[in-house]
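> how would this look folded up:
(one chain, ligands or ions: 3)
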Amino acid sequence: MKTMRATVFHGVNDLRVEEVRRPHAGVGDAVIRVTLTTICGTDLHILRGEYPVKPGLIIGHEPVGVIEELGPGVTGYEIGQRVLVGAITPCGQCCACLSGHLSQCGHGGGYEAIGGWRFGNTLNGAQAEYLLVPSAQANLAKIPATLTDEQAVLLADIASTGLSGAEAAPVRIGDAVVVFAQGPIGLCATAGAKLMGASLIIGVDGDESRLAMARRMGADVALNYRAVDVVAEVKRLTGGGADVAIEAFGAQQTFENALRSLRPGGTLSSLGVYSGKLQMPYDAFAAGIGDHRIVTTLCPGGKERMRRLLTLVQSGRFDPTPLLTHRFSLNDIGKAYELFGSRTDGVLKVAIKP
Ligand SMILES: NC(=O)c1ccc[n+]([C@@H]2O[C@H](COP(=O)([O-])OP(=O)(O)OC[C@H]3O[C@@H](n4cnc5c(N)ncnc54)[C@H](O)[C@@H]3O)[C@@H](O)[C@H]2O)c1
Ligand SMILES: [Zn+2]
Ligand SMILES: [Zn+2]
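Ligands and ions are numbered 1, 2, ... in the order given. I've put the predicted structure just below:
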């Protein structure tokens, strides 16, 4: 039996790198040898017990690798090709996929909420030496030879998600946009607002190094929520409220601030993963008749989304690499989780090399 090293979730605050059985490709699957992966804020939610997954699961959902095995039925690829696989792996065949809701994929059936998120959620994930990719035909995106693994790895999730926060609103040319939280997701949402043509972008966080990065990613104004009344300041800067407020943290306070920052008729584009109860104060929502829109987005995946993001990086219009601040081997992933979770030493994203 062939084995591999993998990061296994055993319970709350209990992750272990251990030797497990290596996957093999069945019909429609591929196996990739992972050459680079990373840790997501959502993995921290899992580790802390805020998002439940089954003990024994390999976690992680951001893989770059090389094709090791192709199952029957997967065509147009060769062993040894470098590929990026999105965090979300739609089947491309079900009602949800064929209606354009790839992230809510029902894997052959109808719709399943969050159903497209399988790696490190309902299937073994990417923080391992090898990864089984389901629905490979829809999910293997070839990486152009001119791009490095580090240029590609953040596209699987945080860039796809962050940029989608601006796309989903949608941000229109000339909009004033405020982005609540400038973690990796919020920073990519800031970059997305710029790519979509916003004329004013306000980034909000409580960490000065992240606010500095927000300016680098396209924010015109960076507000520290610990120092200023953010809602009042957004209203002042925008002359009454933002056209779009992007929520990129996943908490009552940021959700509510985003809603309160909007002009009537504005759009709240929500990306955060919430837990517990989320409440909507009627006054911030104009008692339900303020023509507000609230849209939520799960990271867009599939090989066409990944191809588009790869071309975006190739064109020089978007560079995710400043967000990759630290590097670890898979064996040291425990240290990487500690650093990433503590948000110290200017950490934004950690590259993990199996
Ligand atoms: N929608 C999706 O598909 C998707 C995908 C990946 C991650 N997520 C979620 O997105 C969220 C953000 O992820 P991340 O990796 O960027 O997180 P992160 O924890 O690295 O960053 C969060 C940031 O929020 C800031 N913050 C905390 N309280 C704040 C407040 N009151 N106002 C403004 N800023 C505040 C922190 O200083 C930090 O910089 C998480 O909930 C994560 O689970 C969603
Ligand atoms: Zn994620
Ligand atoms: Zn599907």
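
> Buried residues, stretch 118-126. List them.
118-121, 123-126 (16 or more other Cβ atoms under 10 Å). The C-beta positions use only the backbone N, C-alpha and C, and glycine is treated the same way.

> Is that stretch in proximity to ligand 1?
No - counting by Cβ under 6 Å from any ligand atom, ligand 1 is not contacted by stretch 118-126; separation bottoms out at 11.2 Å.

> Let me see the mean pLDDT of that stretch.
Across stretch 118-126, pLDDT averages out at 98.

> residues touching Gly192, list them.
162-167, 171 (Cβ atoms under 8 Å, 6 or more residues apart in numbering).

> picking that back up, quick one: which of the buried residues of stretch 118-126 is nearest ligand 3?
For the buried residues of stretch 118-126, the closest approach to ligand 3 (Cβ to the ion) belongs to Arg118, at 10.5 Å.

> could you pull out the helices for the stretch 101-250 of the chain?
With DSSP state H, counting those that start in this stretch, the ranges of helices along the stretch 101-250 of the chain come out as 136-139, 149-153, 160-168, 184-195, 208-217, 230-238.

> still on that earlier bit, and the contacts of Gly192, which is closest to Arg317?
Leu163 (11.0 Å; Cβ to Cβ).

> gap between the nearest residue to the closest one once chain neighbours are set aside and Leu102?
Leaving aside its sequence neighbours, Leu163 sits nearest to Gly192 (Cβ to Cβ, 6 or more residues apart in numbering; 3.8 Å). As judged by Cβ to Cβ, to the nearest Å, Gly192 and Leu102 stand 18 Å apart.

> Next one: Ala214 relative to Lys353, how far apart?
Relative to Lys353, and taking Cβ to Cβ, Ala214 is found at 28 Å.

> do the same with Tyr225
Distance from Tyr225 to Lys353, by Cβ to Cβ: 35 Å.

> Likewise for Ala126?
Ala126 is 12 Å from Lys353, by Cβ to Cβ.

> just Glu256 next, same as before
Relative to Lys353, and taking Cβ to Cβ, Glu256 is found at 40 Å.

> and the residue of the stretch 1-150 of the chain found nearest ligand 1, what pLDDT?
Residue nearest to ligand 1 within the stretch 1-150 of the chain (Cβ to the nearest ligand atom): Gly41, separated by 2.8 Å. pLDDT, Gly41: 93.

> Run a quick neighbour tally on it.
Gly41: 21 surrounding residues under other Cβ atoms under 10 Å.

> Quick one: name the residues of the chain near ligand 3.
Within the chain, the positions lying close to ligand 3 (Cβ under 5 Å from the ion) are 90-91, 94, 97, 105.

> Indicate the residue of this structure located nearest to ligand 2.
Cys40 (3.0 Å).

> Tell me who's in contact with that residue.
60-62, 87, 157-158.

> With neighbour count as extra columns, can I get the residues you listed in CSV?
Formatted as CSV, those follow (neighbours: other Cβ atoms under 10 Å):
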residue, neighbour count
Gly60, 31
His61, 29
Glu62, 31
Ala87, 30
Asp157, 29
Ile158, 30
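
> can you narrow the residues you listed to ones near ligand 1?
Within these, those near ligand 1 by Cβ under 6 Å from any ligand atom are Asp157.

> so can I have a markdown table of the contacts of Cys40 showing pLDDT and distance to Glu338?
Shown next, in a markdown table, are the contacts of Cys40 (pLDDT from 0 to 100; distance: Cβ to Cβ, whole Å):
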| residue | pLDDT | distance to Glu338 |
| --- | --- | --- |
| Gly60 | 98 | 16 |
| His61 | 98 | 20 |
| Glu62 | 98 | 19 |
| Ala87 | 98 | 22 |
| Asp157 | 98 | 21 |
| Ile158 | 97 | 20 |
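
> Out of the helices and strands in this structure, which is least certain?
Lowest by mean pLDDT, DSSP states H and E among the helices and strands of the chain is helix 41-47, with a mean of 94.

> Go ahead and name everything in contact with that helix.
Helix 41-47 is touched from outside by 9, 12-13, 15, 51-53, 59-61, 120, 127, 183-185, 273, 275, 337, 340-341, with contacts defined as Cβ under 8 Å, 6+ apart.

> Please check these and keep the buried ones.
9, 15, 53, 59-61, 120, 127, 183-185, 273, 337, 340-341.

> The residues you listed in strands, which ones?
Among those, the residues falling in strands (DSSP state E) are 9, 15.

> okay, who's weakest in the buried ones among the contacts of helix 41-47 by pLDDT?
Lowest pLDDT among the buried ones among the contacts of helix 41-47: Val273, 90.

> hang on, that one packs against Ala248?
No - look at Val273 against Ala248 with Cβ atoms under 8 Å: they stay out of range, at 10.4 Å.

> now the residues of the chain next to ligand 3 as CSV including neighbour count, secondary structure and pLDDT?
CSV is the format used below for the residues of the chain next to ligand 3 (neighbours: other Cβ atoms under 10 Å; DSSP: H, G, I helix; E, B strand; the rest coil; pLDDT from 0 to 100):
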residue, neighbour count, secondary structure, pLDDT
Pro90, 31, coil, 98
Cys91, 24, coil, 97
Cys94, 23, coil, 96
Cys97, 24, helix, 97
Cys105, 30, strand, 98
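
> which pair in those spans the largest distance?
Pro90 and Cys94 (8.1 Å).
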